[in-house]
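**Q** Need a 3D model of the sequence below.
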Amino acid sequence: MRARLGAALATLIALLAALLGFLALAALLTARPGDSALYPAQGGDGETVALVSHGWHSGLVLPRAVLTGAGGGPALADIATRFRAYPDLEFGWGEARFYRATPTLAQFDAGLALEALFTPGGRPGVVQVVGLERPARDSFPHSEIVPVRVSRAGLARLLARLEASFRLTEGRPVAGGPGLYGPSLFYEGEGRFSYANVCNHWAARLLGAAGLPVTPVLDTHPAGLLLDLRWRAGLSPLPGANLSKP
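**A** Numbers count the residues shown, from 1 in each chain. Model (predicted):
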């Protein structure tokens, strides 16, 4: 009996080692280099944006004033006008049904999650926009927040990619009802959600457009994305997150 248990344990350890090795190799093969011409910002040239990790989902916080600058388009201009009372905006992307139904992990629906991840061809995406009256650290006291100083050129490319996340009808973004918290709205999005294209990949690609190095395999989960930003971009979360409270 002991011999069988020992053999089973050895097999399990070998499988785990093989899985870890595969993930490490996949991370190395998919790692994308940064663009030193865009990031980091040099001198006074630049703007600070913030990655916000809510534990299972991540988004980006941008100053509302930058949305009408270089790289923006009709979607971001419309949003800047609609949310003109707020100095900062949080943007998040996700699968249309699961995102709306899951404001916190307490509302997690395994069926919706599996359908969102594994529907052939992917599922439609939506973008949530949240108006923030206070800085990100004050608005999200229990979230991990990583400030990122990007160059003006990098910001323009980030905004262009963000603009492309919105579906337009007659030149305007299509609002789809109230968001999950605060003064917020969902908008119909472009792109298809799947296990290979989750919300954290979306956030990482925005930062990648601004010149940061990113690693899609790591970036699948917010914890991996935070680790990626620390290792490859030299960035750290702001102090003060208290993740022990709801």
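**Q** what about stretch 205-216, distance to the chain center?
**A** Relative to its chain's centre, stretch 205-216 lies at 11 Å (C-alpha atoms, centre = their mean, to the nearest Å).
**Q** Quick one: mean pLDDT over it.
**A** Regarding stretch 205-216, the rounded mean pLDDT is 94.
**Q** Quick one: end-to-end length of that stretch, please.
**A** Taking C-alpha to C-alpha, to the nearest Å as the measure, stretch 205-216 stretches 9 Å from start to finish.
**Q** so what's the backbone phi/psi at Pro87?
**A** Main-chain torsions, Pro87, degrees, to the nearest 10: phi -70, psi -30.
**Q** any idea how far Pro178 is from Phe83?
**A** 13 Å (C-beta to C-beta, to the nearest Å). Any C-beta I mention is one placed from the backbone N, CA and C, and that applies to glycine too.
**Q** So between those two, which is more surrounded?
**A** Taking neighbours as other C-beta atoms under 10 Å, Pro178 and Phe83 compare with Phe83 leading, 20 against 13.
**Q** And the helices in this protein, which stretches?
**A** Shown for the chain, the helices assigned by DSSP state H span residues 2-30, 74-82, 96-101, 110-118, 136-139, 152-163, 199-209, 222-233.
**Q** hmm, who's touching the second one?
**A** Contact partners of helix 74-82, identified using C-beta atoms under 8 Å, 6 or more residues apart in numbering, comprise 64-65, 67-68, 72, 89, 129, 159, 162-163, 166, 168, 171-173, 185, 187.
**Q** So what's the gap between it and the chain middle?
**A** On C-alpha atoms, centre = their mean, the centre of helix 74-82 falls 20 Å from the chain's centre.
**Q** Ok, the fifth one next?
**A** Relative to the chain's own centre, helix 136-139 is displaced by 17 Å; criterion: C-alpha atoms, centre = their mean.
**Q** same check, this time on stretch 157-171
**A** Here stretch 157-171 is found 16 Å from its chain centre; the criterion is C-alpha atoms, centre = their mean.
**Q** mind checking the end-to-end distance for that stretch?
**A** Start-to-end, stretch 157-171 (C-alpha to C-alpha) is 20 Å.
**Q** what bits of the protein have low per-residue confidence?
**A** Filtered on pLDDT under 70, the chain yields the residue ranges 1-32, 101-118, 241-246.
**Q** right, and Leu162 touches Phe91 too?
**A** Yes: using C-beta atoms under 8 Å, Leu162 makes contact with Phe91 at a distance of 6.4 Å.
**Q** Give the intersection of the neighbour lists for those two.
**A** The contact sets of Leu162 and Phe91 overlap at Leu60, Leu62 (C-beta under 8 Å, 6+ apart).
**Q** ok, back up a step: out of the contacts of helix 74-82, which end up buried?
**A** Neighbour counting by 16 or more other C-beta atoms under 10 Å classes 64, 67, 72, 89, 129, 159, 162-163, 166, 168, 173, 185, 187 among the contacts of helix 74-82 as buried.
**Q** tell me which of the residues you listed is nearest to Gly224?
**A** In terms of C-beta to C-beta, no member of the buried ones among the contacts of helix 74-82 lies closer to Gly224 than Leu162, at 21.7 Å.
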